[in-house]
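1. Please work out how this folds:
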Amino acid sequence: MSQITTHVLDTTRGTPAEGLPIRLSQWQNNEWQLLGEGRTNADGRITDLLNPEEALPAGQYQMHFDTQPYFDANGETGFYPFVDIVFTIDEANAQAKAHYHIPLLLTAYGYSTYRGS
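-> Below you'll find the model as predicted:
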């Protein structure tokens, strides 16, 4: 399993958000550098954004959730065309190769997130 995973739930429908495009990037040299990308599966998850053997260094990272195609596919007008979640991996967690699960709870007019397990 990738060091970074995600799960997107559509809380309006009460279902996983299938087919939602996601990109993972790292802040390097004053810009975001793409590390991996994919689409959520039928359970709203992506578990393979990175190679399982890859260990991320300390730094700032961004999960970019491209919500507009998901809303379009469901015939819905969304207020947020994308959601960017920026988080930090500190040195201790980088050395421990800690797992980071970044879930997104999504509706057309709101979202929330937290560090999952």
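
2. quick one, strands of the chain?
-> 4-10, 15-16, 21-28, 31-39, 45-46, 59-65, 83-89, 100-107, 110-113 (DSSP state E).

3. quick one, which of these is nearest to Pro52?
-> Nearest to Pro52 among the strands of the chain is strand 4-10 (10.8 Å), distances taken as C-beta to C-beta. For every residue, glycine as well, the C-beta is placed using N, CA and C.

4. Counting by contacts, list what that closest one packs against.
-> strand 15-16, strand 21-28, strand 45-46, strand 59-65, strand 100-107 (3 or more C-beta pairs under 8 Å, 6 or more residues apart in numbering; DSSP states H and E).

5. how far out from the middle of the chain is it?
-> Relative to its chain's centre, strand 4-10 lies at 6 Å (C-alpha atoms, centre = their mean, to the nearest Å).

6. chain center to the helix or strand of the chain with the lowest mean pLDDT: distance?
-> Lowest on mean pLDDT, DSSP states H and E among the helices and strands of the chain sits helix 91-95, with a mean of 87. Computed by C-alpha atoms, centre = their mean, the chain-centroid distance of helix 91-95 equals 20 Å.
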